[in-house]
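In: Next one to model:
(chains A and B)
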Amino acid sequence: MADYLLSIMTFFPLLGILVLLFLPRDNGGLLKGFTLAVSLITFAISLPLAFDNVFTTSGGMHYREFYQWINIGDFFQMNYNLGVDGISLWLVMLTTFIVPITVLSTWNAVDKNIKGFMAMLLLLETGMLGAFVSLDLFLFYIFWELMLIPMYFLIGIWGGQNRIYAAVKFFIYTAVGSLLMLVAIIFVYYFAVQSGAPMNGFGIQELYKLDLPYNAQFWLFLAFGFSFAIKVPMFPLHTWLPDAHTEAPTAGSVILAAVLLKMGTYGYVRFAMPLFPEALPTFIPFLAFLSVVGIIYGSLVAMMQDDIKKLVAYSSVAHLGFVMLGVFSLNLQGLAGGMIQMINHGISTGALFLIVGFLYERRHTRLITEFGGVATKMPIFATIFMIVTFSSIGLPGTNGFVGEFLALMGAFQSSLRWYAVFATTGVILAAVYMLWVYQRVMFGKVTNPKNENLKDLSVREIIIMLPLLLFIFWIGIFPNTFFSKMNPAMEQMLIQMGANPVAVVEPATSETHAPAHSATPATQADGHK
Amino acid sequence: MENLVQEAIQNVNLQAIMPSLVLCVFGMVLLMVSVFSKRGSTTHVAWLSIVALVVTGFVSLSGWNNPQAGFAGSVLLDNFATFFSMICLVAAGLTILMSDDYLRREGFPVSEYYPLILFTTAGAMWMASGTDLMTIFLGLEVLSVSLYVLAGFFRTQTRSNEAGLKYFFLGAFSTGFLLYGVALLYAVTGTTKIDGIAAYVQANPASAMNTMFIAGGLLLLVGFLFKIAAAPFHMWTPDVYQGAPTPITAFMSAGPKAAAFAALMRVTIVGLEGLQSELTALFWVLAVLTMTVGNFIALSQKDLKRMLAYSSISHAGYAMVGLVAWNEIGLSAILFYMLVYTFMNMGAFAVLILIGKKGEDNLTLDGIAGLGYKKPILGVVLTIFLFSLMGLPPTAGFIGKFYIFSGAIKAGYIWLAVLGVLNSAVSLYYYLRVMVQMYFKDPEEDFSWVTINVPTAISIIISVVGVLYLGIVPGSVIQLAKLAGF
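Out: Below is the predicted model of the structure:
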C-alpha cells in the first residue's frame, strides 16, 4: 500500500462522494456520520506518513508515484507525479486532521442540503491533499483550481447574509491570480524545452535545476508570487478574506483558515522561491515590507472589529504575515518558524473559528457587545477559549510561541532585522486584541439576559476541541517531533533558494531557546548531498 | 474536346467528396420521406437524420491518414478536413437530438427542419475540405442558405423572423465581400486555387504588397470573420442567436463556426503564407478585440441565450489566438478547441432547451433561480458546462485554453496570453452569475414544466462525457488534432 499511499489518501474522499450520492437525501445523521467516517479513514491512511522516520534523515521526496498522463511528443507532457517531503508532510497531516474536526463541527450547524455540503467538504479535501502532494506544476494547478469550486459553493450556499458577494469575490480574486500563474507555468515549460534542459513533464524537481535568466525570473516570480500572495493573503490583496471568512459557515471558515491560506505560503516555499531564486533578493525587501504591514495593519484592524469572526479573520492576516516574514528570512530558523507557524495558525485559528461557531450556534450573533460574562455560564468553554487565546497570542508553552519566536529570530538574523523589529509590535498587538475580546466576551457580569441560559459545551464539542488543544501543547512543548522531520527538507530547500542554511546560524542562538536549538541543523551533511 | 472531358473525369475522384455526397443524398431522400409523412410527425425523420450522420461519420473516417484530392485539386479530404467534418457531424447530431421535442413544444413540428440541418452540415464539410476559393464559396453558400431558413424557421414568431432576415441580409453582404475578394485575388494571381495563390506569391514576392492583392485578401477575410463572429463583424450574432430556434443557435455556434475556422485557416496558413507577419499582427488585434468585446458585453446580459451569444464571440477570440501563434501547437489547438467548444456550448444550450417554457421567455437570469434545488441533475450538468466555458480544470475547457495559450506562449506572444487569461477572468463573472442564480437564490418556481425526454438527455450525456473525457484524459484527442493540423 505504501506505493500508492498518496493516491489512495488523495482520492479516498472523492470515492466517498460517489457513495454519498446514493445515500438518502434526508437522513442527515447518516450523511454526516458517513462523511465523518470517510474523513477519519483518510486521516488513518495518512498516519503512516507522520510516523515514518525517513523524513528525519532525508530531505528528498518520498512515497513517489509517477505515471505518464498526457504525452504529446514535442507539444507538451504532463505526468501524474506525486511525492511528499518534510515541507509538505505536516501540511498534509494538518489537512487530514482538520477535516474530521470540521465535519464534526457541522453536526448541529448545517441542516440545509446536507448531502451537498458534505460532498463539497470531501471534494475540497481531495483538492487540498492533491495540491500538497503534486510534484508536477500542471497537476498542482489542476488541484489548486479544484479547491476553488467547493469553497465557492460552501460560502455561497451555506454562508451568511452577504454570502453571494463574498463567494464571488473569493472566486474572482483567487482565479485572477491563478490564471496569471498559468501563463507563467506555460512559459517556464517552453523556456525549459527550448533551453534543452532535461525535463520530466512539468516536474518541479527538474525545473528547480533550470537556469533561467534574471529577467525571466523576475516576471515569473511576479506572476507566481501574485497568485500566492492573493491566497495567503498578503496586504493589500487581503480584502477578500474578511468577507469570505465572515460569510462562510463555520466549517468553511475553519478549512479556509487552517488549510487554504497555507496554499499561498506553501506555494511560496515550494514553487515561487526555489524556482526563481535569482529574483528572490529583488523581491524580498518588498514582500517582507508587505508582510510587516500585514502584521500591523491586520492587528490594528482586528482590534477595531465588533464582530468576533471578523476579528479572527483579520488576525489571520497578521499571523500569516509572521509566516511570510519567517520564510523570507531565508535561513533555517526563519523557515522553520514560518513552516511551524503555518501548522500553528491552522490549529489555533481553526480552533478560534470553532469557538466563534459555538457562540454563534447558541446565540445567532457574533457581535462582541451582545456577550459579556459568558465565563460564569460556560466554564469549560471559558477554559478552552483561554488556552486557544494564549496559543494565538504566542504565550510560551503553546505552539504560537515556538512559531512566532523562530520566525522573528530568523528575520532578525537575516537582512530583515529592522522588519523584525516592527513585526514584533504585532505580538503585542495580538495580545491586546485577543485578550480584550476575551475580556469583553467572557468576563464581568452577565449583562444581556439572553446569555443567562447559555449551555456549556456538549461532549461532542469538547471532543472537537480536545485534539486541537493537544497539539497546541505538543507543538509548544515538544516541537522537535515536528522539526526533526522538517529539517532535512528545509535545508535542501534553502540551498535551492540560493541561501546557505548553515552559514547563518550563529553559535549563540543555539542556547537561546530549545526550539531554536532543535532547528539548528544537526545533520548538515544531508543538506549537501 | 474529347481529351478535356476525359481529363476532367479522371480528375473527379468522388472519394474526395464522398462524405458530403452521402449526406446530401440522405438529405434529399429525407425530404421525400417528410413529404410522404403525416403532418406533424417528425420523430422518424429525426432518427433517420441521426443514421445519416453516423453513416457519414464512418465514410469520413475512411479519409483519415488517406488524403483524397479531387476535382483537379479543388477538394482535398485530408486529416484536417476530416477532423473538422467530425466536429460538424457531432454538432449536427447533438442539434438533432435536442430538437425533436423542442419543435413540438414550440408548435412547429415540421420535418424539413432535419434535411436542412444535413445540408448545412454538408456545406460545412465542403468548406473544410475546399482547397479552391470557389469550392469554399460553394460550401459557404450551401451552409448559409440553409441556415437562413433555419434561423427564421419559426415563421410566425417575430423574433425568429427578425433573426432569419437579419442573418440573411448581413450574410448576403459578407458573401458579397468574400466573392469580391476572390475576384480581386484572381485578377492578381490568375487562379482561385489556394496553393496556386501561395505559389504565385512565392514566385512574385512583390505582388503580395500589391494593393489589389491586399484588398482581395482583406475582403476574403471579412467574409470568414463574419461567419466566425469575430469583432468587429459580430453585430449580427446576439440578435440572430437570440431569435433563432435554440437548437439552431447551439448549432450555429459550433458547426458552421468550426467550418468557417477551417476555411479561414486553410486560406491564411496555406494561401496567404507570404503575408504571415502582417496577418499575425492583424489577428492579434482582432483576437484581443473579439475576446474583450464578447466578454464585456456579456457581463450586462440578462437573457441567457444572448449571454451565451456574446460568450461565443469571446470564445471565437480565444480560438483566434491559435491563429496568431501560427505554429503547430496553436493551429492544432484550434481544432481541439472547436471540438471542446461544441460539447460544452451545445450541452449548455441543451439544458436551456429543457428548462425553457414555450416561447422561452423564462430563459433569463431570474428565471432560473433555484434551479439547482428543483432539478439537481440538470443543475449539476449545467454547472459542469459553465465551469468548462470558464476554463476551469478538470474540464475540457481548461485543456482547450491551456492548449491554445501554450501555442501563443511558445510563439512568444506572452502578452496575448496574458490578455487572454485576463479575459477569462472577466468571463468568470457572468458565468458565475448563472450559478449564483441556480444555487445561491431560493427557487421562485417549481420547474414542474421541465420534463426530460430521451433524445435531449442523450445529447446532454454525450456532451458531459465529452467535456469530462477531454478534460481528464485529453491525450488521444490532442494526438489526433496534432495529426490533423498543418
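In: in the stretch 51-200 of chain A, which spans are strands?
Out: A:62-72, A:76-84 (DSSP state E, counting those that start in this stretch).
In: Go through these and pick out the most buried.
Out: Counting by mean count of other Cβ atoms under 10 Å in any protein chain shown, strand A:76-84 has the highest mean neighbour count of those, with a mean of 22. For glycine as for every other residue, the C-beta is placed from the backbone atoms N, C-alpha and C.
In: Return the distance of B:V188 relative to B:G216.
Out: 7 Å (Cβ to Cβ, to the nearest Å).
In: pLDDT at the closest residue to B:K410 other than its chain neighbours, what is it?
Out: The shortest distance from B:K410 to any non-neighbouring residue, by Cβ to Cβ, 6 or more residues apart in numbering or on different chains, is to A:Y190 (4.7 Å). We have a pLDDT of 89 for A:Y190.
In: Pretty sure A:L290 sits against A:F235.
Out: Yes - applying Cβ atoms under 8 Å, one finds A:L290 in contact with A:F235, separated by 5.4 Å.
In: and the gap between B:S146 and B:T246?
Out: 17 Å.
In: If you could redo that for B:G164, that was the one I meant.
Out: From B:G164 across to B:T246, the span is 15 Å (Cβ to Cβ).
In: Poorly predicted segments of the stretch 201-350 of chain A, please.
Out: Along the stretch 201-350 of chain A, no part satisfies pLDDT under 70.
In: Report the contact partners of the residue of the stretch 251-400 of chain B found nearest chain A.
Out: Closest residue of the stretch 251-400 of chain B to chain A, Cβ to the nearest Cβ: B:P393 (4.1 Å). Each residue near B:P393 by Cβ atoms under 8 Å, 6 or more residues apart in numbering or on different chains is listed here: A:141-142, A:145-146, B:399, B:471.
In: Give me the secondary structure label for it.
Out: When classified by DSSP: H, G, I helix; E, B strand; the rest coil, B:P393 comes out as coil.
In: May I ask you to confirm that A:N344 belongs to a strand?
Out: No - the assignment for A:N344, made by three-state DSSP, is helix rather than a strand.
In: Can you give me the neighbour number for it?
Out: With neighbours defined by other Cβ atoms under 10 Å in any protein chain shown, the count for A:N344 comes to 30.
In: so who does it touch?
Out: Counting by Cβ under 8 Å, 6+ apart, A:N344 makes contact with A:391, A:399-400, A:402-403, A:475.
In: ok, the residues you listed vs chain B, which is closest?
Out: Of the contacts of A:N344, the one sitting nearest to chain B (Cβ to the nearest Cβ) turns out to be A:G403, at 33.1 Å.
In: residues touching the nearest residue in space to that closest one that is not next to it in sequence, list them.
Out: Leaving aside its sequence neighbours, A:G403 sits nearest to A:Q341 (Cβ to Cβ, 6+ apart; 3.2 Å). A:Q341 makes contact with A:319, A:322-323, A:326, A:400, A:403-404, A:406-407, according to Cβ under 8 Å, 6+ apart.
In: and what of A:F390?
Out: A:397-398, A:400.
In: Which of these ranks first by neighbour count?
Out: Most surrounded of the contacts of A:F390: other Cβ under 10 Å gives A:G400, at 30 neighbours.
In: Lowest-scoring secondary structure element of the chain by mean pLDDT?
Out: Picking chain A for this. One helix or strand of chain A scores below all others by mean pLDDT, DSSP states H and E: helix A:524-528, with a mean of 39.
In: Get me the contact residues on the stretch 1-150 of chain A for chain B.
Out: A:69-76, A:113, A:141-142, A:145-146, A:148-149 (Cβ under 8 Å from any Cβ of the partner chain).
In: out of these, which one sits closest to A:L91?
Out: A:L146 (16.6 Å; Cβ to Cβ).
In: And the closest residue to the closest one other than its chain neighbours, how far from A:S105?
Out: Leaving aside its chain neighbours, A:L146 sits nearest to A:G127 (3.9 Å; criterion: Cβ to Cβ, 6+ apart). Here A:G127 is placed at a distance of 20 Å from A:S105 (Cβ to Cβ).
In: Over to A:K169?
Out: From A:K169 to A:S105 the distance is 24 Å (Cβ to Cβ).
In: can you check B:F486 too?
Out: Taking Cβ to Cβ as the measure, B:F486 falls 57 Å from A:S105.
In: Smallest gap between the stretch 351-500 of chain A and chain B, at which residue?
Out: Closest contact between the stretch 351-500 of chain A and chain B, by Cβ to the nearest Cβ, is at A:H364 (19.6 Å).
In: Roughly how far does that residue sit from A:Q161?
Out: Distance from A:H364 to A:Q161, by Cβ to Cβ: 12 Å.
In: Make sure A:G498 is indeed in a helix.
Out: No - under three-state DSSP, A:G498 sits outside any helix and is assigned coil.
In: Tell me how many other residues crowd it.
Out: When neighbours are counted by other Cβ under 10 Å, A:G498 comes out with 14.
In: Not counting sequence-adjacent ones, nearest residue to it?
Out: A:P277 (3.8 Å).
In: what about B:A69, is that helix, strand or coil?
Out: Secondary structure for B:A69, judged by three-state DSSP, is strand.
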